[in-house]
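Asker: I need the structure of the sequence given here:
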Amino acid sequence: MQTETKSTIRRRAFSAAFPRTIPILAGFLFLGISYGLYATAAGFAFWYPILMAVAIFGGSLEFVAVEMMLGVFAPVQTFVMALMIQARHLFYGISMLEKYKGTGWKKIYLIYGMCDESFSINCSADIPEDVDKGWFMFFVTLLNQLYWVAGTAVGAVLGSLITFDLDGLEFVMTAMFVVIFLDQWLKEKKHYTGVIGLAASAVCLLIFGADSFMIPTMMCILVLLTVFRKPIEQAGGLL
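Answerer: Numbers count the residues shown, from 1 in each chain. Presented below is the predicted three-dimensional model:
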């Protein structure tokens, strides 16, 4: 009887979570396939991107990780780059501390599996009273990761089977960042964060050059967004 009750709770939570993740499904499948193709085109065996999709689960970071793994051995630079790219999750995590209370062992996976889309759903969703919030957030996070891993697996397998030249596919990473930037720009009422990103990139590019400007840029953006967080939010910008 107890097992049946727990099963019912999980089914109800899954039924509430799945419809909210459907919009993420198409995007993650497309980007995941692109990532799988990109990684195999770079010379990795098909299982590498699948493993990274499971272990890292950070879309933009995974694209960058391909270049990092093909470059010179620089563990400190790699660590700093990864930290800067995913630094926004520090703010996500702090804001979700209250919501994650009382979720038991699921809290560990919720912290590990947090991504932009899962944060957005779990943070803003109006969870029905008869749905367990812990299981709801768990299934949202799990489904989103499964979509990403599934897309990556399809792309990786296709990339390992396709024999024609895939050179130039790495442009998908540039295109992805451009789309993310444009989406952020269109959502903002005031374009403060976009201007900060563009200005910091331009200044650091001039100072440090094309080969070394990325980490200083990410650090500048992080510092500026932290310092001006409240004024930006009050003005209607997004972080």
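
Asker: Is the nearest residue to Phe18 once chain neighbours are set aside within a helix or a strand, and which one?
Answerer: Spatial nearest neighbour of Phe18, chain neighbours left out: Leu143 (6.4 Å); criterion: Cβ to Cβ, 6 or more residues apart in numbering. (Glycine included, C-beta is placed from N, CA and C.) Using DSSP states H and E, Leu143 sits within helix 133-161.

Asker: got the residue ranges for the helices in this protein?
Answerer: 2-41, 47-55, 59-70, 75-85, 88-96, 106-112, 116-124, 133-161, 171-187, 192-208, 214-227, 229-234 (DSSP state H).

Asker: Show me what counts as buried in the fourth one.
Answerer: In this case it means helix 75-85. Residues 81-85 are the ones in helix 75-85 that count as buried (16 or more other Cβ atoms under 10 Å).

Asker: Restrict that helix to CA atoms and write it as PDB.
Answerer: Only the C-alpha atoms of helix 75-85 are listed here, as PDB (Å, rounded to 0.1, in the frame of the first residue of the first chain):
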ATOM      1  CA  PRO A  75      44.000  22.900 -16.500                       C
ATOM      2  CA  VAL A  76      44.000  26.200 -14.700                       C
ATOM      3  CA  GLN A  77      42.800  28.100 -17.700                       C
ATOM      4  CA  THR A  78      40.200  25.400 -18.500                       C
ATOM      5  CA  PHE A  79      38.900  25.500 -14.900                       C
ATOM      6  CA  VAL A  80      38.600  29.300 -14.900                       C
ATOM      7  CA  MET A  81      36.900  29.300 -18.300                       C
ATOM      8  CA  ALA A  82      34.400  26.700 -17.200                       C
ATOM      9  CA  LEU A  83      33.700  28.600 -14.000                       C
ATOM     10  CA  MET A  84      33.100  31.900 -15.900                       C
ATOM     11  CA  ILE A  85      30.800  30.300 -18.500                       C
END
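
Asker: hmm, which helix or strand of the protein has the shakiest average pLDDT?
Answerer: helix 171-187 (a mean of 66; mean pLDDT, DSSP states H and E).

Asker: got a list of what Leu29 touches?
Answerer: 147, 150-151, 154 (Cβ atoms under 8 Å, 6 or more residues apart in numbering).

Asker: Neighbour-wise, give me the winner out of those residues.
Answerer: Neighbour counts for the contacts of Leu29 (other Cβ atoms under 10 Å) peak at Gly151, which has 23 neighbours.

Asker: Could you list which residues are in contact with the closest residue to Leu61 other than its chain neighbours?
Answerer: Sequence neighbours aside, Ile85 is the residue nearest to Leu61 in space, at 5.0 Å (criterion: Cβ to Cβ, 6+ apart). Applying Cβ under 8 Å, 6+ apart, we find Ile85 in contact with 58, 60-61, 64, 218.

Asker: Which one of those residues is nearest to Ile50?
Answerer: Distance to Ile50, by Cβ to Cβ, is smallest for Gly58 among the contacts of Ile85, at 14.8 Å.

Asker: I'd assumed Glu117 was in contact with that closest one.
Answerer: No - using Cβ atoms under 8 Å as the test, Gly58 is too far from Glu117 to be in contact (11.9 Å).

Asker: Quick check, pLDDT for Asp44.
Answerer: Check again: residue 44 is Phe, not Asp. Per-residue confidence (pLDDT) for Phe44: 90.
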